[in-house]
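Asker: Quick one, structure for this:
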Amino acid sequence: MTPMVPAQRRASAFGLFTAGYGIFWFLGSAAIGFLYDRSVPWTIAFCMVTQLLAIPLFVWVARQRQADSAPTISAA
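Answerer: Got it, this is the predicted structure:
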């Protein structure tokens, strides 16, 4: 994340990232706990589906990073 954010905005960016990470971690844990009380198979299904839904995000980020780091060829 560091190269993505200008130095003067880095503290805010890390704070926002950490807040979002913590909120979604809490919500996911609460959902898993709720489902676990009702049905272990539904808990497993929820965990598997959310993990699979993350794959497109990781692919997108990897492609963005490749595009950003690809050397540019200038026509002379």
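
Asker: now stretch 62-76: mean pLDDT?
Answerer: Stretch 62-76 carries an average pLDDT of 74.

Asker: list the contacts for V5?
Answerer: Listed by C-beta atoms under 8 Å, 6 or more residues apart in numbering, the contact partners of V5 are A13. In short, each C-beta sits where N, CA and C put it, glycine included.

Asker: Phi, psi for it please.
Answerer: Per-residue torsions, V5: phi -120, psi 130 (degrees, to the nearest 10).

Asker: any idea how far F14 is from it?
Answerer: For V5, the distance to F14 (C-beta to C-beta, to the nearest Å) stands at 8 Å.

Asker: Which parts of this structure are helices?
Answerer: 10-38, 40-69 (DSSP state H).

Asker: quick one, what contacts F46?
Answerer: A31, I32, L35 are the contacts of F46 under C-beta under 8 Å, 6+ apart.

Asker: now this protein, which segments are flagged as low pLDDT?
Answerer: Confidence mapping of the chain against pLDDT under 70 gives the ranges 1-2, 70-76.
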